[in-house]
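> Generate coordinates for the sequence data below:
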Amino acid sequence: MKELIKEKFVNQKHKWIWFYIDSHILNEITNTLTSAIANKQITSKNSIKLINCFKFHEKVFIKFIKTVGRKNFNCLCQIIDENNNKVEINLKPIDVINASILSGTPKSLKLYKCGKKDKNNWTKPDDGFVDPVEYPPVDEELTELGYQLYKEWQLEIQNSGMSEEAYKRKMFGEYTKFTRV
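The predicted structure follows:
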C-alpha cells in the first residue's frame, strides 16, 4: 500500500487530492471539522465557508501529508482553509489511492472563492449589429463571448457577398445541413 501511495505522488510538487462531494469523505471531514471547532482549532465561520466552497465547486480538496503506522496503517492529511488554518484528518489508504490529484494548490486554482455563480447578466451593446434572428433575443441566449463569436460569424457571412446557405456550403461542403433549433 505504501508503495502505491508513493507511486501516486511521484513528481508531484503539491500533494493535494480531491474527492467528489457525494463521497463519504465529506461526512468524515464535517465530523472532523465539528470536533476541531469544539477544540478551538478552527472557527465555525471559517469551517462553514470551507464547506460552502466544497459544495460550490462540487469537490472536497485536502492535502496529503504522510503515511502513519505499520500495523494500523493510515494516511495523515490536512484540511486547510483560506486563512491557512490546518486540521488533521486520518484517511484510509484506499481512499487516498482512489483520490484524484489536484493540478495545483486550492489558492492558485481559486477554489476558496465561492461566490454566487454569475448568471447571464450582460446586456447587448449598442454596436450597430442587427441580428437576423428575432426570437429569442440575443442577450437572453448568449454570453458575452458567445455574442462576440456569433456577431463575427454573421459579419463574415455578410462580407462574403453570398447568401447564408451558399457560404455554409462553400465553407463546410455540399452535404452539410444546418438547422436552427
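> gap between residue 25 and residue 19?
Going from residue 25 to residue 19 by CB to CB, to the nearest Å gives 4 Å. Where C-beta positions appear, they are placed from N, C-alpha and C, glycine not excepted.
> got it, and residue 111?
13 Å.
> Need the residues touching each of these two.
Shared contacts of residue 111 and residue 19, defined by CB atoms under 8 Å, 6 or more residues apart in numbering, comprise residue 59.
> tell me the SS of residue 61?
Under the three-state scheme (DSSP: H, G, I helix; E, B strand; the rest coil), residue 61 adopts strand.
> residue contacts, it?
16, 17, 18, 54, 102, 106, 111.
> quick one: the third one is in a strand?
In this case it means residue 18. Yes: counting by three-state DSSP, residue 18 is located in a strand.
> So, low pLDDT: which residues of the protein?
Scanning the chain for pLDDT under 70 picks out the ranges 115-124, 135, 137-140, 175-181.
> Kindly list the longest helix within the chain.
helix 144-160 (DSSP state H).
> Next, the buried residues of that one.
Using 16 or more other CB atoms under 10 Å as the test for burial, helix 144-160 gives 147, 150, 151, 154, 157.
> how far away is the fourth one from residue 143?
To residue 143, residue 154 is 16 Å away according to CB to CB.
> and if you look at the third one?
When distances are taken as CB to CB, residue 151 and residue 143 turn out to be 12 Å apart.
> Return the residues in contact with residue 149.
Contacts for residue 149 were tallied using CB under 8 Å, 6+ apart; there are none.
> measure it to residue 105 for me?
Per CB to CB, residue 149 is found 33 Å from residue 105.
> Also residue 134?
From residue 134 over to residue 105 the distance is 48 Å, taken as CB to CB.
> number of nearby residues for residue 106?
23 (other CB atoms under 10 Å).
> Cool, thanks, signing off.
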